[in-house]
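Chemist: can't give you the sequence, but here's the structure:
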């Protein structure tokens, strides 16, 4: 197979489908999403069979239990795909929204109109339900999508791809608006990230290894999500009851998500009171505590090393450091953080607002758990990922992040002086 | 000189200056801009002398008259730099603006806060006044800047750089917030575009050659401005008096700017009436007309080739094509346009709105001259460039395009369920 030729051919097809998608109206896009949902509902048995084929191969190849779990499409996960499509259909259409139309001294009226990005390329790993998540958001935002899932999920993805194609066709939209890359060859990924003429933005979804590899080779803009080394700073003017509850939730609600707190920073004046209280919570949950010398003087911890401050554990492990004040906490976050999500717990308004302004992360929170960093919680309806970039989109990326804005000018025969 | 080491050292210094700039308040940033303006006013003679040195070398090296013209800093251009600084100081500060704060069912309040991008790298050619344009916008948006001007303007830029450093110091801001790259070595550019750890976005300003070279090597996001192949489509329901005036202005007001119309598309039903009228205008201005066979049947033109449709002349030359209808015009624009600026001239509301929605360019206009595509005309106050990209910013890029938005969350001890 000539991968380069195949990818370019697919690229051309997706690019021309993107033009049709950009002009599709809301009703047509919603009809496609609901038709895809129905296709999936109708073909549950086929999807389950295709997935079982992938699972069998995966077990033969000794995939880890974690990988096999991500690969599995059981009935609740198929239900979730259907519900996801219906939810995206119910979201407001971002395309065509005009904002900030102002009359200029020259007489023209100028403003912005929200428009699709064009072709979105998604590169992901073993989870086949990403195929539906990604396709649904791209379609609703008026984009076409080129999807490259992991080879472990090839059969599942192909079957889901057939449902998507059938749903698009039912709604009178081009099947190539969602193109699944059908080859397991890694060269397909290298081609995808170097076709700016056919792909407008790449969203890699997966572990840091995948994302760094994609970003290193990309000639196409990438919306990246690197690590989530999230901090909670407990200020000396924090309400300690709230602080214990939030620091517990931020770490223990779920350990494996990117918004989970990895480092707890505690202001020195309240450390002796706060640390034993939160340590009791973590002990009860079985969380391993690693701490700086000042922490070790107050509670039982494993000594923390510099490496701990720079680690995204995604595990029941927490690094704890006692800091002099908010300035020291912010310096620690600037040095070791990953720009994902950081929170201050304080009752002091001025400090809260300063922390909010000055901490340079995609989400900055006051008196709330870092685990709120999520598209659903923020009201986006759904998210295609969480960006730790500064350009285009930061934090949870929903429909708006999958669009751009062009300028529109209304005149009545106006000439520029 | 070890260019790599020099660039990394400079990168570190600019990155740490960016943290100070991000926290600088509006008054401090404006004080710096006005102090720089005063420095330039005070050191006019030094700037003129440095510029004369560059001009002398340029003449010795037989630079073209166009290049020498761009290089020259005469009194009106120095005045314009001072006025530019004062105008940017007078613009509202975009940083810190919070929008769309909404209460979510969980009880948290979520919204967005506008924040600086961080470090902006500008790579430009011989025009030394870009040094001030770029620095002023970057500083006002709370960014630091790394500037790499053309080697022809080295002495002029160094002198302007001294004014900037002095102005920053007067306002108590770090001099390294604007770092001028002092080596003419081309390797400096290669290093700049591959230091994502020190530079957050690159804005190349110059000819397509420079921009393509920068984009090809970049590991840092690039805000690109490629060609401006701008179209005016005269619909068969256009008001022909307005159409003649706008088609004249769009071509003839200035030939060399990117918003100048390059191709005129004329609906067949009105071609016989419209073309002779506009041709008379173009003849009077000395504009060379190149046309399709249907055009040639109505007015005297040089036969146009496919290459003409794809050319940004920036000269008194225009390509003219008769098209069947708006659909054909939009297909022509999709095939040959560069996504910069395109206009429809029509009195038909439905067609105007369809053209506005469906033409995929950074500016789309109804009954207005494409020459309006400009940051000042749009009310941005100033622009750092015109983006023909889809990601982050499209069209004229002002202060807003030099910022990003982070999420802010206000809670009262809220836990994620």
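Modeler: It's in. Just so it is clear, the structure is predicted and the values come from calculations on it, not from any experiment. Residues are numbered from 1 along each chain as shown, chains lettered A, B, ... in the order given.

Chemist: contacting residues around the helix or strand bottoming out on mean pLDDT in chain A?
Modeler: Sorting the helices and strands of chain A by mean pLDDT, DSSP states H and E puts helix A:208-217 at the bottom, at a mean of 84. With contact meaning C-beta atoms under 8 Å, 6 or more residues apart in numbering or on different chains, helix A:208-217 is reached by A:123, A:125, A:189-190, A:193-194, A:202, A:204, A:222, A:224-227, B:219. In this view, the C-beta of every residue, glycine as well, is placed from N, C-alpha and C.

Chemist: Taking the residues you listed, tell me the two that lie furthest apart.
Modeler: A:194 and A:227 (25.3 Å; C-beta to C-beta).

Chemist: count of neighbours near whatever residue of the stretch 251-400 of chain A ends up closest to chain B?
Modeler: At 2.9 Å from chain B, residue A:368 is the closest residue in the stretch 251-400 of chain A, using C-beta to the nearest C-beta. Residue A:368 has 32 neighbours, counted by other C-beta atoms under 10 Å in any protein chain shown.

Chemist: and what of residue A:2?
Modeler: 8.

Chemist: what do you get for residue A:408?
Modeler: Residue A:408: 21 neighbours (other C-beta under 10 Å).

Chemist: Now do the SS call for it.
Modeler: Secondary structure state of residue A:408, per DSSP: H, G, I helix; E, B strand; the rest coil, is strand.

Chemist: How about the contacts made by it?
Modeler: Counting by C-beta under 8 Å, 6+ apart, the residues that residue A:408 touches are A:98, A:101, A:110, A:111, A:112, A:113, B:356, B:363, B:364, B:365, B:366.

Chemist: Mind listing the residues bridging to the last one?
Modeler: Think residue B:366. Residue B:366 has the following beta-bridge partners by DSSP bridges: residue A:410, residue B:344.

Chemist: Please name the residues that touch it.
Modeler: A:408, A:409, A:410, A:411, B:343, B:344, B:345, B:346, B:352, B:355, B:356.

Chemist: thought the last one was touching residue B:368?
Modeler: The one in question is residue B:356. No - assessed by C-beta atoms under 8 Å, residue B:356 is found out of contact with residue B:368, at 11.5 Å.

Chemist: re the thing from before, next secondary structure element downstream of the least confident helix or strand of chain A?
Modeler: Using DSSP states H and E, the next helix or strand after helix A:208-217 towards the C-terminus is strand A:230-234.

Chemist: what is the rounded mean pLDDT of that following strand?
Modeler: For strand A:230-234, the mean per-residue pLDDT is 98.

Chemist: Taking their axis directions, the helix or strand just after it and strand A:230-234 sit at what angle?
Modeler: For strand A:230-234, the succeeding helix or strand toward the C-terminus, using DSSP H and E, is helix A:240-252. Inter-element angle recorded for helix A:240-252 and strand A:230-234: 170 degrees (by axes from the mean of the first three to the mean of the last three C-alpha atoms, to 10 degrees).

Chemist: Pull up the gap between the closest residue to the residue of the stretch 251-400 of chain A closest to chain B other than its chain neighbours and residue B:104, please.
Modeler: Computed as C-beta to C-beta, 6 or more residues apart in numbering or on different chains, the closest residue to residue A:368 that is not its neighbour in sequence is residue B:411, at 2.9 Å. Distance, residue B:411 to residue B:104, using C-beta to C-beta, to the nearest Å: 10 Å.

Chemist: now swap in residue A:108 and tell me
Modeler: 39 Å.

Chemist: Among the two, which residue is more densely surrounded?
Modeler: Neighbour count, other C-beta under 10 Å: between residue A:108 and residue B:104, residue A:108 has more, with 23 against 15.
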